[in-house]
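In: Take this sequence and fold it.
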Amino acid sequence: MDLSEIKKINIITGHYGCGKTNFAVNLALRLSDEAKKVSVVDLDIVNPYFRSADFKELFNRNNIQLAASVYANTNLDIPAITFDIERLSREDGYLIIDVGGDEAGAVALGRYKEIFKTLGDGNIQMLYVINSYRYLLKDPKDCVSLMREIESVSRLKCTALVNNSNLGTETTLKTVSDSLDYADKVSKLTGLSIKFTCVPEGKTLGINGEFPVKRYVKALWE
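Out: Below is the predicted model of the structure:
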């Protein structure tokens, strides 16, 4: 992985089910392989179905610091922030922030706008994860509309796209290649580049920005 594509602060957002948490987990593990200090903030505090806090043990084994609500992984769905993002954003190493899956989930992010502003644009990026196979996002215009809603609520602008089009266990290289035209349309509509294209671990399409991912986030019945 080209570390020049990674900023000090990496905000990961996108619609429910697009695979943003799985991407965030893979990104954190990849950075930890580079012997870099990595912290992950689970800001998915509204209706969390799949969240970074589920991977606490995995992160511990890889020396990745996790900051999550004290109510994460309990039967209480309370949007409580009990960690210091400002401190984490100023520490050495990389910070990955896994944001909620729609405009409601991005509300908490907006409170940190001024903190991020002081760090400078060169130290922060907000990656919008897209999945052409998600039922509410099959039209590129709908995908862009949701992105604009997230930007409005969070008061931050997305800086690049991550094409994470997948079909879970059924994902193949063809699954990904068939999504490239969709991703290109979203890119043209938003004016944002496609920074990463996720492919199954061990596979390659031979394109720029390939990001091999292992499937860590699984359905409840698996």
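In: quick one: the helix or strand of the chain with the lowest mean pLDDT to chain centroid distance?
Out: In the chain, no helix or strand scores lower on mean pLDDT, DSSP states H and E than helix 85-90, which sits at a mean of 78. Centre-to-centre, helix 85-90 and its host chain are 18 Å apart (C-alpha atoms, centre = their mean, to the nearest Å).
In: And stretch 99-117, by the same measure?
Out: 13 Å.
In: ditto for stretch 156-169
Out: Using C-alpha atoms, centre = their mean, the distance between the centre of stretch 156-169 and that of its chain works out at 7 Å.
In: Do me a favour and get the end-to-end distance for that stretch?
Out: 33 Å (C-alpha to C-alpha, to the nearest Å).
In: any idea of the mean pLDDT for it?
Out: Stretch 156-169 shows a mean pLDDT of 95.
In: cool, stretch 27-45 as well?
Out: Stretch 27-45 comes out at a mean pLDDT of 86.
In: The least confident helix or strand of the chain - contacts with which helices or strands?
Out: Helix 85-90 is packed against strand 38-43, strand 64-67, strand 94-99, helix 113-119, with contacts defined by 3 or more C-beta pairs under 8 Å, 6 or more residues apart in numbering; DSSP states H and E. The C-beta positions use only the backbone N, C-alpha and C, and glycine is treated the same way.
In: residues in contact with the last one?
Out: Right, helix 113-119. Residues outside helix 113-119 that contact it (C-beta atoms under 8 Å, 6 or more residues apart in numbering): 8-9, 85-86, 89-90, 124, 154-156.
In: again, only this time at 10 Å
Out: 7-9, 11, 85-87, 89-90, 95, 97, 109, 123-124, 126, 154-156 (C-beta atoms under 10 Å, 6 or more residues apart in numbering).
In: Please apply the same query to the shortest one.
Out: Residues external to strand 64-67 that are found in contact with it (C-beta under 10 Å, 6+ apart): 25, 28-29, 31-32, 37-43, 52-53, 55-60, 72, 81-85, 87-88, 91, 93-97.
In: could you dump it to CSV, C-alpha only?
Out: Written as CSV, here are the backbone C-alpha positions of strand 64-67 (Å, rounded to 0.1, in the frame of the first residue of the first chain):
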residue,chain,number,x,y,z
ILE,A,64,-4.2,-0.9,17.4
GLN,A,65,-5.9,1.5,19.8
LEU,A,66,-9.7,1.4,19.8
ALA,A,67,-11.8,4.3,21.1
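In: Pairing partners for it, with directions?
Out: strand 38-43 (parallel) (DSSP bridges).
In: What residues of the partner strand count as buried?
Out: 38-43 (16 or more other C-beta atoms under 10 Å).
In: Need the CA coordinates for the least confident helix or strand of the chain. PDB is fine.
Out: Coordinates of the C-alpha atoms in helix 85-90 are reproduced here as PDB (Å, rounded to 0.1, in the frame of the first residue of the first chain):
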ATOM      1  CA  ILE A  85     -11.100  12.800  19.500                       C
ATOM      2  CA  GLU A  86      -9.100  16.000  19.800                       C
ATOM      3  CA  ARG A  87      -6.400  14.300  21.800                       C
ATOM      4  CA  LEU A  88      -6.300  11.300  19.400                       C
ATOM      5  CA  SER A  89      -6.100  13.600  16.400                       C
ATOM      6  CA  ARG A  90      -3.000  15.300  17.700                       C
END
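In: Alright, that wraps it up for me.
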